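In: Sequence and predicted structure, then a few things I'm wondering about:
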Amino acid sequence: MDYSNTPPIVFIFCGQAVLWKTMALELYNENSVFRESMDKIDNYLKNNYFNGESMLNKLRLLNDDDESPNNNQYLSHSILFMFQVSLFELYKSEGISPSLIYGVSCGEMASLYCSGGVSLKNTCDLLIERARLIDKIVKNCPKGIPFFTSLGSDEFIEKYSKKYSDIEIAGIHTDFSLLMGTTNFEQFDQLFKEFKEKEIPIKRINACIPFHTSAMDFIKDDAFRIKEIKFDENSFTVPTYSSSNGKRYNENNSFNIFKSIRNCLCTKIAIQDIFNKIEINGSKKVIFVELSPHPIASPMMYEIVRTLKSTIFTTTNNDEINPNVISLSSLNKNENDNIVFNNGIKTIKRHINL
């Protein structure tokens, strides 16, 4: 694939942690392409899986803004899926399509569908199965704590893993950013206090499920009864990466629903491989676009750049005058949806000369 003339665009589909009652409401109210896609998928799910109940209406009717959609796995899975697919359709309507796709955890449902690798029906079947499995964990296992910290995996293992044996690495995003998880509240409180004293950033996620840790082993036997999805070289219209091992889906790398829930997220591996392939194929610039209601992965691209040792991709922040790495989030919780999205479109088109 030749990227020498037009910078490649990489779509990153985030996981489910960042959802709230009014997310994407401004975009839904004011953008007909986005709204029609949301309604179409909502109706499909409503008629085929939820006995006529709209998940979109269910989201908007939550009691207050403090009630997280993550409390209901069928709701959170459905909303993230319809949101990401609708953003994908909106970008496509603007003439913007990805060269590569990376789906993170629950975001893999939408990434597999948008990549052309899995049909809508088969993706929705997976979506409901995944929600059922996570719901089973919620109802039968101790509540847990997922959280982010700015630390390297080697440093955590060397300095803290023995002391906090019940705290696990759930995702390696960069050399200085980890997703962690535990069901041991006492150890988390001790670690939180120690990290605050040492000024190591640590942030709890608004969810009670320690995704991608041993807590997921509870559903292993159930999950392995669900068939893997196998691919061949013609399966995808857009090359797509797995977050469970950081590799491209192909005939040697199938989708396994348990591994997608249990395995440590391999964002660092996937993004570094994406950078390497883009550089090999002649690009001097790359654009990352995160399909998320709020920035999660997009700021991490610059951290990964710092570890690349590349002579081409050297941008380490959004403020550089002539960047060779551009990293954008589709929306921002603290700003107007339409303004953020339209500004992102302008930035992308400026860099790809549309």
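Out: Nice, thanks for sending it over.

In: can you give me the strands for the stretch 151-300 of the chain?
Out: Secondary structure of the stretch 151-300 of the chain (DSSP state E, counting those that start in this stretch): strands at 168-174, 177-182, 202-204, 240-241, 286-291.

In: Out of those strands, indicate the one that is most buried.
Out: strand 240-241 (a mean of 28; mean count of other CB atoms under 10 Å). C-beta here means a position set from N, CA and C on the backbone, and glycine is covered the same way.

In: other SSEs contacting that one?
Out: Contacts defined by 3 or more CB pairs under 8 Å, 6 or more residues apart in numbering; DSSP states H and E place strand 240-241 against strand 100-103, helix 267-280.

In: Over the longest one, what's the mean pLDDT, rounded is fine.
Out: Think helix 267-280. If you average the pLDDT over helix 267-280, you get 94.

In: And the first one, by the same measure?
Out: With pLDDT averaged residue by residue, strand 100-103 scores 98.

In: hmm, who's touching it?
Out: 8-13, 109-112, 114-115, 238-243, 267, 270-271, 274, 277-278 (CB atoms under 8 Å, 6 or more residues apart in numbering).

In: Each with direction, which strands does it pair with?
Out: Partners of strand 100-103 in the sheet, by DSSP bridges, are strand 9-13 (parallel), strand 240-241 (parallel).

In: contact partners of the very next helix or strand once past that strand?
Out: Remark: after strand 100-103, the chain's next helix or strand is helix 108-114, criterion DSSP states H and E. Under the criterion CB under 8 Å, 6+ apart, residues 11, 13, 77, 80-81, 84-85, 88, 101-103, 118-120, 123, 126-127, 130, 229, 238, 240, 242-243, 249, 255, 260, 291 lie in contact with helix 108-114.

In: Next step: those restricted to helices.
Out: Here DSSP state H is the test, and the contacts of helix 108-114 give His77, Leu80, Phe81, Gln84, Val85, Phe88, Leu120, Thr123, Leu126, Leu127, Arg130, Ser260 as lying in helices.

In: List only buried entries from those residues.
Out: Among these, those scoring as buried are His77, Leu80, Phe81, Gln84, Val85, Phe88, Thr123, Leu126, Leu127, Arg130, Ser260 (criterion: 16 or more other CB atoms under 10 Å).

In: Could I get the contacting residues of the last one?
Out: Right, Ser260. Ser105, Glu108, Arg130, Ser242, Ser243, Ser244.

In: quick one, helices of the stretch 251-354 of the chain?
Out: Counting by DSSP state H, counting those that start in this stretch, the stretch 251-354 of the chain has these helices, from start to end: 257-262, 267-280, 300-308, 337-352.

In: can you put those helices in a markdown table and add distance to Pro210?
Out: Shown next, in a markdown table, are these (distance: least, CB to CB, whole Å):
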| stretch | distance to Pro210 |
| --- | --- |
| helix 257-262 | 11 |
| helix 267-280 | 17 |
| helix 300-308 | 20 |
| helix 337-352 | 31 |
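
In: okay, those, which one's buried deepest?
Out: Of these, the one with the most neighbours on average (mean count of other CB under 10 Å) is helix 257-262, at a mean of 21.

In: Domain-wise, how is the chain divided?
Out: 9-141+216-352, 145-206 (automatic domain parsing).

In: chain center to the last one: distance?
Out: Which is domain 145-206. Distance, stretch centre to chain centre, for domain 145-206: 20 Å (CA atoms, centre = their mean, to the nearest Å).

In: Please apply the same query to the first one.
Out: Centroid separation for domain 9-141+216-352 versus its chain: 5 Å, with CA atoms, centre = their mean.

In: hey, which helix or strand in the protein has the poorest pLDDT?
Out: Every helix and strand of the chain was ranked by mean pLDDT, DSSP states H and E. The lowest is helix 300-308, at a mean of 88.

In: And the contacts of it?
Out: By CB under 8 Å, 6+ apart, helix 300-308 touches 173-177, 267-268, 271-272, 275, 288, 313-318, 325, 327.

In: how near is Phe185 to Phe156?
Out: The gap separating Phe185 from Phe156 is 19 Å, by CB to CB, to the nearest Å.

In: Done for today, thanks.
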